[in-house]
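K.L.:
Just the structure for this:
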Amino acid sequence: MKKTRIKSLLIASIILLGCTQLAAQEAFLSEAQRSRLQSLIDSPERSEAARARNQYRNPLPTLDFFEITPDLTVVEIWPGGQGGWYRSILEPYLSGSGNYIPVRADDSESPFVGLVADNSADRVLVFRAHGFMIYDYPAQAYYDSIYAMLKPGGYFGIVDHRGDETVAQDPTGENGYVNQSHVIMLAENAGFELLAEAEINANPLDTKDHDDGVYSLPPTLRGSTLNRRKRARMLEIGESDRMTLKFIKR
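P.N.:
Sure thing, here's the model as predicted:
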């Protein structure tokens with residue numbers, strides 16, 4: 001009985017600690033700012049398909065963790081066009097008092113050259129787009145460019161498909177996953193300091209050993225069109241396990 005009670009108290013403590021951490025993550029923004037973000041997240045102006053993914057992408061605690069207040073200049077790297085998932089939240093949220101800048105790499109010698117002035121952005125955000133940072137330039141060049149566009153004191157926030165640290169990083173990123181240690185290394189090489197990390201977008205059900213990598217999971221569901229059982233397993237897992245990292249430019 002005594003062991004059972006101790007175990008119960010331990011579990012309760014862990015739950016309480018988790019709730020405390022979540023509360024801390026949500027303490028950056030004011031209640032009014034969180035309310036405004038939630039109304040945009042749930043807005044019928046966003047497609048039903050986009051809103052259905054709220055459960056996997058956790059936009060409110062994620063944007064809270066990155067401390068996105070409506071008066072900031074926020075750059076989003078590869079936002080996915082006008083229908084970009086986070087763009088549909090950020091652009092109206094920042095309209096008026098802030099500035100939203102969607103950016104893709106250009107054809108210059110370095111990524112993003114001339115698209116955002118040096119030392120002008122308060123935040124640079126990358127959502128599930130590290131895979132794009134290996135195609136036209138060395139990955140380090142992208143991180144260096146992001147560092148240049150941020151103001152001193154500005155934050156670089158990244159959410160991406162977290163790889164298995166026991167497996168060496170694939171430089172081609174073929175399976176869609178990127179090791180968290182690899183991202184931290186690139187960011188620190190650029191001059192960033194890791195300020196905080198969160199498990200907001202973690203998914204412990206993601207084993208990361210799927211036939212088609214991260215693309216086996218929703219929303220892509222590659223390789224299970226004709227295999228209902230496999231598709232059901234992928235849907236049960238849900239979207240990928242993701243790191244959520246916040247870096248600062250000193």
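K.L.:
Give me the most central residue, the protein.
P.N.:
In the chain, the centroid-proximal residue (C-alpha atoms, centre = their mean) is residue 159; its distance is 1.9 Å.
K.L.:
Show me what stretch 103-112 is in contact with.
P.N.:
Here stretch 103-112 makes contact (C-beta atoms under 8 Å, 6 or more residues apart in numbering) with 75-79, 113-116, 132-133, 136-137, 141-142, 144-146, 149. Glycine gets a C-beta too; all of them are placed from N, C-alpha and C.
K.L.:
The residue nearest to the centre of the chain touches residue 62, doesn't it?
P.N.:
Yes. Contact criterion C-beta atoms under 8 Å: residue 159 and residue 62 qualify, at 6.3 Å.
K.L.:
tell me the SS of the residue nearest to the centre of the chain?
P.N.:
strand (DSSP: H, G, I helix; E, B strand; the rest coil).
K.L.:
Distance-wise, check it relative to residue 218.
P.N.:
16 Å (C-beta to C-beta, to the nearest Å).
K.L.:
Mind checking which of the contacts of stretch 103-112 are buried?
P.N.:
Buried members of the contacts of stretch 103-112, scored by 16 or more other C-beta atoms under 10 Å, are 75-79, 115-116, 132-133, 137, 141-142, 144-146, 149.
K.L.:
from those residues, which ones fall inside strands?
P.N.:
Using DSSP state E, the members of the buried ones among the contacts of stretch 103-112 that fall in strands are 75, 76, 77.
K.L.:
need those in TSV with distance to residue 123 and pLDDT, can you?
P.N.:
Listed next are these as TSV, based on distance: C-beta to C-beta, whole Å; pLDDT from 0 to 100:
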residue	distance to residue 123	pLDDT
75	7	98
76	9	97
77	11	95
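K.L.:
out of those, which one sits closest to residue 48?
P.N.:
residue 76 (22.4 Å; C-beta to C-beta).
K.L.:
Hmm, the closest one is touching residue 87, no?
P.N.:
Yes. In this structure residue 76 lies within contact range of residue 87 using C-beta under 8 Å: 6.3 Å.
K.L.:
Nice, that's everything, thank you.
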